[in-house]
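Asks: any chance you could fold what I've pasted below:
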Amino acid sequence: MTACWAVATAGPGSAGATTLALALAYATRGVAIEANPDGGVLAARIGLSLGTSAPGLDTLVAELGTAAATGFVLDHAQWCASGLPVVACASTEETAGGAVRSLGALMPALRLLTVELFVTLDVGRYREGASESLVSGCDGLVLVTSAATEGLACALVRLPAVLATVPRLVLAVRGSGPYPLREIVRVARERAGVDVPVVAIPDDPQGAAGLIRPARRRPRRPSPLLRSMWALLDEVALLGPVPAGATAPAAGAAAPPGPTGADADAAQRPGATG
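Replies: Numbering: from 1, shown residues only. Reported below is the predicted structural model:
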């Protein structure tokens, strides 16, 4: 089953949204699309090409803007050594902004070209208004925050406003902090007025590195980061499908279920059926 989910941070700082976007794409055997209006980091991080002839967000937007786009989104991707396809955007705000704005208007066309893929859209910092055209074209938003007090406070304060503008939402809390997850769930419910799915994402540098470059030896167990993606996908599945013909966001509603554990290590997942 396919879906398209955006990933964003609630405020400034490095909350790990880009790593989560890569991990979610890896776990679903999907594709990660970088659509950060502030400029991308994936090309530099992974060693991809952003030359004028290289595929990327610019070429994808150009394809989507044609009268009858019939290509395939993977035609505009580059592959990591791990086999993960990534559509990277330009590294500066001046060159990335135009393509990201165009993609917002072309989200319906993107969905038509990705009917067989789980798409993860890394939109950077979530901004009411500027990010809405991108996220409203997705099935939902994963809002990423660090577990530190400052990052968590920013995410919880913004939660009601974000919920009012996105179709579906899951809160992802990265790392360890002073508050247990059950307390974060309680406060998120109080702030939002509805139950908000909350998933813990571990700090796992080794697992993050494996998304880009596979380990020399196949690990006996999936990484903690990958296992947390299965938990995230379970929440997506529990939320249920977007109602047919829905045109307005509904706080606390949900996105279509995505595949669960359909990655290279899926057979190791407890209860996996393949």
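
Asks: give the bridge partners for the most centrally placed residue in the chain, please.
Replies: Centroid check for the chain by CA atoms, centre = their mean gives Val7 as the closest residue, at 3.4 Å. The bridge-partner assignment for Val7, based on DSSP bridges, gives Asp122, Val142.

Asks: how close does it get to Ala62?
Replies: Distance, Val7 to Ala62, by CB to CB, to the nearest Å: 24 Å. Backbone N, C-alpha and C define where each C-beta goes, glycine included.

Asks: equivalent analysis for Leu106, please.
Replies: Leu106 is 10 Å from Ala62, by CB to CB.

Asks: when those two are compared, which one has more neighbours?
Replies: Leu106 (19 against 14; other CB atoms under 10 Å).

Asks: where does the prediction get shaky in this structure?
Replies: By pLDDT under 70, the low-scoring segments of the chain are 1, 13, 50, 52, 67-71, 215-216, 219, 240-274.

Asks: do you have the strands of it handy? List them.
Replies: With DSSP state E as the criterion, the chain has strands at 3-9, 31-34, 78-79, 85-87, 118-125, 140-146, 169-174, 198-201.

Asks: nearest to Arg217, out of the ones you listed?
Replies: strand 78-79 (21.4 Å; CB to CB).

Asks: mind checking how far the closest one is from the chain centre?
Replies: 17 Å (CA atoms, centre = their mean, to the nearest Å).

Asks: ok, now which ones touch Ala96?
Replies: 36-40, 57, 89-90 (CB atoms under 8 Å, 6 or more residues apart in numbering).

Asks: dump those residues to JSON lines, plus neighbour count.
Replies: Below are those laid out as JSON lines (neighbours: other CB atoms under 10 Å):
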{"residue": "Asn36", "neighbour count": "26"}
{"residue": "Pro37", "neighbour count": "22"}
{"residue": "Asp38", "neighbour count": "15"}
{"residue": "Gly39", "neighbour count": "18"}
{"residue": "Gly40", "neighbour count": "29"}
{"residue": "Leu57", "neighbour count": "25"}
{"residue": "Cys89", "neighbour count": "30"}
{"residue": "Ala90", "neighbour count": "21"}
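
Asks: among those, name the ones in helices.
Replies: If you go by DSSP state H, those have Leu57 in helices.

Asks: what distance do you get for the residue nearest to Pro202 when sequence neighbours are not counted to Asp204?
Replies: Computed as CB to CB, 6 or more residues apart in numbering, the closest residue to Pro202 that is not its neighbour in sequence is Pro224, at 4.4 Å. According to CB to CB, Pro224 and Asp204 sit 5 Å apart.

Asks: I'd like the contacts of Ala96 as CSV, with distance to Gly30 appended.
Replies: As requested, the contacts of Ala96 are exported to CSV (distance: CB to CB, whole Å):
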residue, distance to Gly30
Asn36, 18
Pro37, 22
Asp38, 23
Gly39, 23
Gly40, 18
Leu57, 16
Cys89, 17
Ala90, 22
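
Asks: all helices of the stretch 51-200 of the chain, in order?
Replies: 57-64, 93-105, 107-113, 132-135, 149-163, 181-192 (DSSP state H, counting those that start in this stretch).

Asks: for Ala208, find the nearest of the ones you listed.
Replies: helix 149-163 (18.0 Å).

Asks: now do the closest one and strand 140-146, the angle between them.
Replies: On the basis of axes from the mean of the first three to the mean of the last three CA atoms, to 10 degrees, helix 149-163 is oriented at 160 degrees to strand 140-146.

Asks: buried set for helix 149-163?
Replies: Neighbour counts over helix 149-163 (16 or more other CB atoms under 10 Å) mark 151-152, 154-156, 158-159, 162-163 as buried.
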